[in-house]
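1. One predicted model, sequence on top.
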Amino acid sequence: MGDWDPNGAWRSLQRDETADAASAYAEARGTCPVARVDGVLGGFWAVLDHDLLVEAALATGTFSNVVPFFNTRRPPLECDPPEHRFYRRLLNPYFSRERLAPMEAPLRRFAAELLEPLLADGGGDYAESFSHPFPTRALCLLLSAPDDDWKLINAWSKRVDEVGGQSPPGSPERIAVGEELRPYLTGLIEARRADPGDDLVSCLVNGDPELPPLDDDLLAGIVMMLVSAGHNTTTSAIGNAVLRLARDASLQARLRGDPALVPAFVDETIRLDAPQQAMRRIAAEDTELGGREIAAGEFVWLVFGSANLDPAAFDNPEEFDLDRSPNRHVGFGRGIHLCIGAPLARLEIRIALEELLASTTAFAVAGELGRPAWPRLGVDRLPLTIARA
């Protein structure tokens, strides 16, 4: 038996018996800041303490990120320096404020379109109707793919959750579900080769004049990384934010009265309800962390959800504080693997909340929630009653 059982700790949240993840981590973090976990994701060391997590995240030579989840390696997520810098150099410009600004108008159109049936019916399943399709339509916009492709991406992302579950990285189940998306990725890449544009996929196909061209496997891996990382996390973040507002009428009223507070609300929600609770590394050498001896080749998961609730790093960490400043949470990671899509995710979440708040006078939970297994914190079923403005 290990020191900590994430599934047992997560059970009360999945059953909606507790509103957040605080109780899942408090006891283990206090007694085993680097806890052993057996029987989940192949077994691993869970780094629960904030400062130890930051230490491990910055030690890229000791804790490697070359842990392919699927058959196709997905740079820059699943690579280390110096290779990592090349991929970020290619991709970073596409997530700049200037590059994302033109996406705001079409994203608002998508949001209004997806909200309309919920407004007309006085409610419904917000997860199914909005928080799942909205980020996938944003991904199609980012990739300059046909808008209708969101249905394929959405279905694949759900398959990853259903089939992959808590099986280890690189398991046959994960590899099989990863291969399901390969024909789509290959088609997208071939289309850009035949007719390149100013989009992100064309940039990858063209490559960097100072470096060798990317082969098809690496190209597919990068696009898969953008699809897989850009869907479930943002879907979960939007659902978490709307759930928190649906349970707090006074907070709804405050944000309606002052929409400028929405970005601060987004960051505090991501701190308290980090959609991706943990990310994996692998020990590149025998090492020690938090008094635990970790052998080369063992998996190490950085548990951001626990670090964000560490009282040594945050005052009153279990309280939702809209005025928390500074808010140096690790909900988007830390170090060189800080989420490349964080600016896009913040844009999507902000627009989703602004449009919902502006088009309603109130909304509230209207039935049983559906919540995923650890390490994802989200809302896969979110029935709401909605009063149209």
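-> Now that the structure is in, tell me what you want to look at.
2. Spit out the contact partners of Pro102.
-> Pro102 sits next to no residue when contact means C-beta atoms under 8 Å, 6 or more residues apart in numbering. Where C-beta positions appear, they are placed from N, C-alpha and C, glycine not excepted.
3. and what of Val163?
-> 173-174, 176-177.
4. In helices, which of those appear?
-> Secondary structure defined by DSSP state H assigns 173-174, 176-177 of the contacts of Val163 to helices.
5. As TSV, the residues you listed with pLDDT, distance to Gly335 and neighbour count would be great.
-> Shown next, in TSV, are these (pLDDT from 0 to 100; distance: C-beta to C-beta, whole Å; neighbours: other C-beta atoms under 10 Å):
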residue	pLDDT	distance to Gly335	neighbour count
Glu173	86	29	14
Arg174	86	25	20
Ala176	89	31	14
Val177	87	28	21
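6. these two touch, right, Met103 and Ser144?
-> No. Assessed by C-beta atoms under 8 Å, Met103 is found out of contact with Ser144, at 11.2 Å.
7. Give me the nearest residue to Thr269, chain neighbours excluded.
-> Ala241 (4.7 Å; C-beta to C-beta, 6 or more residues apart in numbering).
8. Checking that neighbour next. Helix, strand or coil?
-> Ala241 carries the three-state label helix when classified by DSSP: H, G, I helix; E, B strand; the rest coil.
9. which residues in the stretch 1-150 of the chain form helices?
-> 6-14, 22-31, 50-58, 83-91, 97-100, 104-121, 126, 133-143, 150-159 (DSSP state H, counting those that start in this stretch).
10. Against which helices or strands is the last one packed?
-> Read it as helix 150-159. helix 133-143, helix 172-180, helix 216-246 (3 or more C-beta pairs under 8 Å, 6 or more residues apart in numbering; DSSP states H and E).
11. To Leu322, which of those helices lies closest?
-> Distance to Leu322, taken as C-beta to C-beta, is lowest for helix 216-246 among those, at 10.7 Å.
12. List phi and psi for Ile333.
-> Heads up, residue 333 is Gly, not Ile. phi 100, psi -170 (degrees, to the nearest 10).
13. count of residues packed around it?
-> 19 (other C-beta atoms under 10 Å).
14. Grab the nearest non-local neighbour of it.
-> Per C-beta to C-beta, 6+ apart, closest to Gly333 is Cys339, 5.3 Å.
15. The one you found and His329 touch, don't they?
-> No. Cys339 is beyond contact range of His329, at 12.0 Å (criterion: C-beta under 8 Å).
16. still on that earlier bit, out of the helices of the stretch 1-150 of the chain, indicate the one that is most buried.
-> Here the criterion is mean neighbour count by mean count of other C-beta atoms under 10 Å, and of those the winner is helix 126, at a mean of 28.
17. mean confidence for it?
-> Averaging pLDDT along helix 126 gives 98.
18. Can you tell me what sits against that helix?
-> Against helix 126 from outside (C-beta under 8 Å, 6+ apart): 118, 239, 242, 382-384.
19. got a list of what Leu188 touches?
-> By C-beta under 8 Å, 6+ apart, Leu188 lies in contact with 143, 145, 201, 223.
20. On the pLDDT front, check it for me.
-> The per-residue pLDDT reported for Leu188 equals 95.
21. Does it belong to a helix, a strand or coil?
-> Leu188 ends up helix, using three-state DSSP.
22. what's the burial count for Ile351?
-> Neighbours around Ile351, by other C-beta under 10 Å: 22.
23. OK, contacts around Leu91?
-> Contact analysis of Leu91 by C-beta under 8 Å, 6+ apart lists 76, 200, 222, 340.
24. Buried among those? Need that as a selection in ChimeraX.
-> Buried residues within the contacts of Leu91, by 16 or more other C-beta atoms under 10 Å, are selected in ChimeraX with:
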select :76,200,222,340
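25. can you name the two of the contacts of Leu91 that are farthest apart?
-> Among the contacts of Leu91, Pro76 and Leu200 lie farthest apart (C-beta to C-beta), at 13.2 Å.
26. Just send the helices of the stretch 1-150 of the chain back as JSON lines, with distance to Thr361 too.
-> Shown next, in JSON lines, are those (distance: least, C-beta to C-beta, whole Å):
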{"stretch": "helix 6-14", "distance to Thr361": "30"}
{"stretch": "helix 22-31", "distance to Thr361": "31"}
{"stretch": "helix 50-58", "distance to Thr361": "39"}
{"stretch": "helix 83-91", "distance to Thr361": "41"}
{"stretch": "helix 97-100", "distance to Thr361": "30"}
{"stretch": "helix 104-121", "distance to Thr361": "11"}
{"stretch": "helix 126", "distance to Thr361": "16"}
{"stretch": "helix 133-143", "distance to Thr361": "22"}
{"stretch": "helix 150-159", "distance to Thr361": "29"}
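27. and of these, who's closest to Ala278?
-> Ranking those by proximity to Ala278 (C-beta to C-beta) places helix 6-14 first, at 8.3 Å.
28. Show me how far the closest one is from its chain's centre.
-> Distance, stretch centre to chain centre, for helix 6-14: 19 Å (C-alpha atoms, centre = their mean, to the nearest Å).
29. now swap in stretch 97-111 and tell me
-> 20 Å.
30. what about that stretch, start to end distance?
-> 20 Å (C-alpha to C-alpha, to the nearest Å).
31. per-residue confidence averaged over it?
-> For stretch 97-111, mean pLDDT rounds to 97.
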